[in-house]
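Colleague: Whatever this is, show me its structure:
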Amino acid sequence: MNTRLCTLIAAAAIGFASPTVSAQTVWDMPTGYAAANFHTENITQFAADVDKATAGKLKITVHPGGSLYKANEIKRAVQGGQAQIGEIIFGGYANENPLFGTDNVPFLATSYAEAKKLAASQKPAMETLLAKQGLKILFSVPWPPQGIFAAKPINSAADLKGVKWRAYSPQTSRIAELVGAQPVTIQAAELSQALATGAVAAFMTSGATGYDSKVWEQVKYFYDTQAWLPKNAVLVSQKAFDALDKPSQDALLKAAGEAEARGWKVSEEKTKFYLEQLTKNGMNVAAPSATLKAELKKVGDTMIGEWQKTAGAEGQAILDAYRK
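Modeller: Alright, predicted model coming up:
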């Protein structure tokens, strides 16, 4: 009897203890970019760091290339609880609130130093805005400066009239309108196909997206306008974050801080590499002509003014902090 009683007690103890020992939280993390993109590689390292720091207690499964949700569906999926964490590009949501478009305003911040200053000025307002939506920013990383890719030479804005122009945000659509191009919404994961089918013939994006999409197979010209440095942000559901224990929360935040620092560094380091690869693969990489540069500057001035009006007092506070 004693032996049997001891066995039962031991079994019960194991039964009660096992959930604690084996408890594991698994999060799905959709991203809109290819596995080999530097943003995705950074996120993959972030997930591995979280796994290691929590001894496997929190596992983040990364789903790249829009394989779980398309890029423009990810924010809603995290808000709705279909995914616990995800990556978005801020500028894609400027129609929802102009504050999302702060770093997509052309020629407001055109270098990494300026982009970093703008990010710091923008961050408090973005944290407040997203908190109201049940979301928390873990980290953000910029793309390299944006330039113009085109199938034909672009010497002035007149060369863009009527051209099918790939847009990935309200701002890139607005640029098309101002230069007389025809905006077509295409996500990064769909760019290669859109170029192959003739759905678009010109667009503004970074050398990174051009490299990932092998755009030299369809277009031959890149103009390094350095118009802005848009940021991707990794967002987590506040509800999912709050459900973690304190050590897991701390590990997540620490890994996020490291991912942000690493991502900014890699983005800047790879800018030159991407342009070199475009040249190596037969593209004509050049600075914009004086005429095109002046015309784009006017577009930028117009859009900065429009953004100030729509963003109101919050937007003005961001600009004031940035311009100090």
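Colleague: right, and Asp122 touches Ile318 too?
Modeller: Quick fix: residue 122 is Gln, not Asp. Yes. Taking Cβ atoms under 8 Å as the definition, Gln122 is a contact partner of Ile318 at 5.5 Å. Glycine gets a C-beta too; all of them are placed from N, C-alpha and C.
Colleague: quick one, what contacts the closest residue to Lys231 other than its chain neighbours?
Modeller: Spatial nearest neighbour of Lys231, excluding adjacent residues (Cβ to Cβ, 6 or more residues apart in numbering): Ser140 at 4.5 Å. Contact analysis of Ser140 by Cβ atoms under 8 Å, 6 or more residues apart in numbering lists 90, 119, 231-234, 260.
Colleague: does Ser140 sit in a helix, a strand or a coil?
Modeller: Of the three states, Ser140 takes strand according to DSSP: H, G, I helix; E, B strand; the rest coil.
Colleague: Dig out what it forms beta bridges with.
Modeller: On the basis of DSSP bridges, Ser140 is bridged to Ala233.
Colleague: on that earlier part again, next, show the common contact partners of Gln122 and Ile318.
Modeller: Common neighbours of Gln122 and Ile318, using Cβ under 8 Å, 6+ apart, are 99, 102.
Colleague: what about stretch 184-199, average pLDDT?
Modeller: Stretch 184-199 comes out with an average pLDDT of 91.
Colleague: can you pull out the helices in the protein?
Modeller: For the chain, helices defined by DSSP state H occupy the ranges 2-22, 38-53, 74-79, 112-131, 170-179, 191-196, 207-212, 238-242, 246-280, 290-323.
Colleague: where does this structure have low pLDDT?
Modeller: The chain contains residues with pLDDT under 70 at 1-22.
Colleague: If we use 50, what do you get?
Modeller: 1, 5, 7-22 (pLDDT under 50).
Colleague: Can you tell me the centre-most residue of it?
Modeller: A centroid search over the chain (Cα atoms, centre = their mean) returns Asn232, at 2.0 Å, as the residue closest to the centre.
Colleague: what's the spacing between it and Ala208?
Modeller: Distance, Asn232 to Ala208, using Cβ to Cβ, to the nearest Å: 11 Å.
Colleague: Now the common contact residues for those two.
Modeller: Common contacts of Asn232 and Ala208 (Cβ under 8 Å, 6+ apart): Trp143.
Colleague: Run through the residues that contact Ala83.
Modeller: Residues in contact with Ala83, defined by Cβ under 8 Å, 6+ apart, are 27-30, 68-69, 74, 77, 237.
Colleague: Recalculate using a threshold of 7 Å.
Modeller: If a contact means Cβ atoms under 7 Å, 6 or more residues apart in numbering, then Ala83 has 28-30, 68-69, 77 as its contacts.
Colleague: Next: Asp224.
Modeller: Going by Cβ under 7 Å, 6+ apart, Asp224 touches 147, 275, 285, 287.
Colleague: Now, of those, which are buried?
Modeller: By neighbour count, with 16 or more other Cβ atoms under 10 Å, the contacts of Asp224 hold 147, 275, 285 as buried.
Colleague: wait, isn't the last one in contact with Tyr274?
Modeller: No. Contact status for Val285 versus Tyr274: not in contact, 9.8 Å apart, counting by Cβ atoms under 7 Å.
Colleague: And the residue nearest to Lys231, how far from Asn284?
Modeller: Here Ser140 is placed at a distance of 32 Å from Asn284 (Cβ to Cβ).
Colleague: cool, Gly80 as well?
Modeller: Gly80 is 45 Å from Asn284, where distance means Cβ to Cβ.
Colleague: And for Gly66?
Modeller: Distance, Gly66 to Asn284, using Cβ to Cβ: 30 Å.
Colleague: the more surrounded of those two?
Modeller: Counting neighbours by other Cβ atoms under 10 Å for Gly66 and for Asn284 shows that Gly66 has the greater number, 20 against 14.
Colleague: For Asn95, give me phi and psi.
Modeller: Torsion angles at Asn95 (phi, psi; degrees, to the nearest 10) stand at phi -70, psi -30.
Colleague: OK, contacts around it?
Modeller: Pro170.
Colleague: Quick one: residues contacting Lys118.
Modeller: Check again: residue 118 is Leu, not Lys. 102-103, 108-109, 322.
Colleague: Arg166: which of these is nearest?
Modeller: Nearest to Arg166 among these, counting by Cβ to Cβ, is Asp103 at 18.9 Å.
Colleague: Wait, the closest one touches Pro230, no?
Modeller: Yes. With contact defined as Cβ under 7 Å, Asp103 reaches Pro230; the gap is 5.4 Å.
Colleague: Overlap of the contact sets of those two?
Modeller: By Cβ under 7 Å, 6+ apart, the residues touching both Asp103 and Pro230 are 90-91.
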